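Novice: Have a look; sequence and predicted model below, questions after that.
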Amino acid sequence: MPLRDTLARVDADLAAGRVPVARQRLRGLVSSFPDDLTLRRRLAEAYRLYGEPAEAGRWMYLEQDRDAAETSAFEARYHSAQRRMRALAWRGGESLAATAFAQEQLSAVRAACSEATGRPVDWDTVPSDEEEDGRQSHLAGALAGAGCLLALLAFMAIWVNGVVALFD
């Protein structure tokens, strides 16, 4: 569906009070056109209607006239540079941004992420949360493995007890 038609549906959804549907349509548009700051602004407005400052701050992060409280809420929710970089859902280089402010914001987030990971990153290879929380994921994997082993041992004990009871 063309951009103009989808935006007309967004307007109709908002006029009819179907904010979640409009928000979902806008999320799809931002996914398809990540460098369109106007779409990001409209998505932020939809989140404001539901009183979600962190998400409004997320989608207004690249705008110079953003609300400081929303920006703080976004930065608190996505506290690391990697999570912030993934949340912004940008693709391509900073040069695709329409404004100098947006380019600066994107460059700053990417530089912070590169520093945190210890290697250069770009918008098309954003580190995953597992890479960010490597030690936690290893601990979780070890605990899951131990739990499976314990469950297997309990099953074997019950099975052996049943076989012994069968021949008694």
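Specialist: Arrived safely. Bear in mind that the values here come from a model prediction, so they are computed numbers and not experimental data. Numbering: from 1, shown residues only.
Novice: switch to C-alpha atoms for all contacts and neighbour counts from now on
Specialist: Fine.
Novice: Would you mark the buried spots in stretch 98-109?
Specialist: Within stretch 98-109, the residues that count as buried by 16 or more other CA atoms under 10 Å are A102, Q103, Q105, L106, S107, V109.
Novice: helices and strands around the host helix or strand of the last one, which ones?
Specialist: Translated: V109. Secondary structure from DSSP states H and E places V109 in helix 100-117. Under the contact definition 3 or more CA pairs under 8 Å, 6 or more residues apart in numbering; DSSP states H and E, helix 100-117 sits against helix 81-88.
Novice: distance between the helix holding V109 and the chain's centre?
Specialist: 17 Å (CA atoms, centre = their mean, to the nearest Å).
Novice: For that helix, give the mean pLDDT please.
Specialist: Averaged across helix 100-117, the pLDDT comes to 93.
Novice: tell me the angle of that helix relative to helix 81-88?
Specialist: In terms of direction (axes from the mean of the first three to the mean of the last three CA atoms, to 10 degrees), helix 100-117 departs from helix 81-88 by 140 degrees.
Novice: Give me the pLDDT for the spatially most central residue of the chain.
Specialist: Taking CA atoms, centre = their mean, the centroid of the chain lies closest to A87, which sits 4.0 Å from it. Looking at A87, its pLDDT stands at 94.
Novice: my guess is it contacts S80, does it?
Specialist: No: A87 lies out of contact with S80 (CA atoms under 8 Å); the separation is 10.5 Å.
Novice: Return the distance of the host helix or strand of A151 from the chain's centre.
Specialist: When elements are assigned from DSSP H and E, A151 belongs to helix 134-167. Remark: helix 134-167 is offset 34 Å from the chain centroid, using CA atoms, centre = their mean.
Novice: Now do it, average pLDDT.
Specialist: The model assigns helix 134-167 a mean pLDDT of 84.
Novice: Counting by contacts, list what it packs against.
Specialist: Partner elements for helix 134-167 (3+ CA pairs under 8 Å, 6+ apart): none found.
Novice: Who are the contact partners of the closest residue to R77 other than its chain neighbours?
Specialist: Sequence neighbours aside, A54 is the residue nearest to R77 in space, at 6.8 Å (criterion: CA to CA, 6 or more residues apart in numbering). A54 is in contact with E70, T71, S72, A73, F74, E75, R77, counting by CA atoms under 8 Å, 6 or more residues apart in numbering.
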